[in-house]
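J.: dropping a prediction and its sequence here:
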Amino acid sequence: MSFAFAEPSPSPAAMPPVETSLVERVRAIAQTDLAPVVEAIDHGALYPASILRQLGAAGAFSSHVPAGPQVDLNPAIDAMSEVAAVCGASGFMTWCQSTLVWYLANTENEKLRAAMLERAASADLLGGTGLSNPMKSFFGIEKLKLKGKRVDGGYIVRGALPWVSNIGPHHTFGTIFECADGEKVMIVADCSDPKIELAPCDPFLAMDGTGTYAVHFKDTFVADDLVLAHAALPFVKKIRAGFILLQMGMGVGLIRDCIAMMQQTRTSLGHVNKYLVMQQPEDFAGVLAKLDAQVRELAADPFNTTDAYWREVVQLRLEAGEASVAAAHAAMLHAGARGYLKSHRAQRRLRESYFVAIVTPATKQLRKMLADMAA
């Protein structure tokens, strides 16, 4: 039996797809695919690898790859804020992946960039950033936990990092170790290496689905092909503003959702919530507008290494962490008893907001950094 098929008549579905912006593509993924699994991520039942790959395909991790001497981080921050407005944990993982791309995009190791940058930017290769301990060490808070020794063709690295996020057995991440002569070296670590051991962490207050592990380097050979910078400190100075500014997507998205929650309570609780002085959605909308304006300006110039610019970046990050906690606290008060239910997102947002304030660089570190600059 044979079938004849009529020529299809033109229809909207057959027309070329309408071009969408990066933010629109990411928002669609966040609201359609991410929103239904937020609780599973929050409770640690799900690490959303497939959603991260969708975000990569949508361009969420590639917009900040420099095409020349300048780059604008705002599109990446905007995309991240759409994710964070739905799920703080996923906003954090988006930052981890974006930061891995930022390292690879800025290395002078052409072989490493050719091998990994495109894969990381598309999220074919997932990974994170192991700079929490190094960033603390640079400001006198901790000592570097990883030690390295130069050998033929690379380094032997040993030591342990207590928390590295957005990783797994086939992931990778950037980190820094110190050699006996005091030289700091920045590398990409390959989690599939049998001499790198991933150990599960104790449960967190939130963010348990973020692929966070303690990482043990057991005399691990790291080839020169995996070195981001043999001299880490000049490289860190180049990428540090981007490292911090990209975090703004987490805070901006969370604050935006907290404002939405406050507005949603007005129909039923507005008559009593109006007594929460200086904790109204309009108050936080003003805070968010100020933060956003500052982000727009600073994120357009991330390679600026002047002291004045760096001070502004640190101050902005401090304000974002404090505003995140304040907005989530206000959203919880606006929601009232219903926000105290485990099923209500107000309590999740409050828990996530503390993470924005304590993830490196934490509030206390940022204050120390500003005090050191003043001194």
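T.: In hand now; what should we look at? Just so it is clear, the structure is predicted and the values come from calculations on it, not from any experiment.
J.: wait, what's in contact with Gly44?
T.: By Cβ atoms under 8 Å, 6 or more residues apart in numbering, the contact list for Gly44 reads Pro203, Phe204, Asp208, Gly209. In short, each C-beta sits where N, CA and C put it, glycine included.
J.: turn those into CSV, including neighbour count and secondary structure.
T.: Shown next, in CSV, are the contacts of Gly44 (neighbours: other Cβ atoms under 10 Å; DSSP: H, G, I helix; E, B strand; the rest coil):
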residue, neighbour count, secondary structure
Pro203, 9, coil
Phe204, 16, coil
Asp208, 20, coil
Gly209, 23, coil
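J.: dig out what Cys217 forms beta bridges with.
T.: For residue 217 the amino acid is Phe, not Cys. Taking DSSP bridges, one finds Gly159, Ile196 as the beta-bridge partners of Phe217.
J.: lowest-pLDDT helix or strand in this protein?
T.: Taking mean pLDDT, DSSP states H and E as the measure, the helix or strand of the chain with the lowest value is helix 266-273, at a mean of 92.
J.: Gly174 belongs to a strand?
T.: Yes: according to DSSP: H, G, I helix; E, B strand; the rest coil, Gly174 belongs to a strand.
J.: count the neighbours of it for me.
T.: Number of residues near Gly174 (other Cβ atoms under 10 Å) recorded here: 26.
J.: isn't it right up against Ala229?
T.: No: with contacts counted by Cβ atoms under 8 Å, Gly174 stays clear of Ala229, the gap being 9.9 Å.
J.: what's the first helix or strand after the least confident helix or strand of the chain?
T.: Moving toward the C-terminus from helix 266-273, the next helix or strand (DSSP states H and E) is helix 281-298.
J.: buried residues in that following helix, which are they?
T.: By 16 or more other Cβ atoms under 10 Å, the buried positions in helix 281-298 come out as Pro281, Asp283, Phe284, Ala285, Val287, Leu288, Leu291, Asp292, Gln294, Val295, Leu298.
J.: repeat for stretch 55-71
T.: Buried, per 16+ other Cβ under 10 Å, within stretch 55-71: Leu55, Gly56, Ala58, Gly59, Ala60, Phe61, Ser62, Ser63, His64, Val65, Val71.
J.: let me see the mean pLDDT of it.
T.: In this model, stretch 55-71 carries a mean pLDDT of 95.
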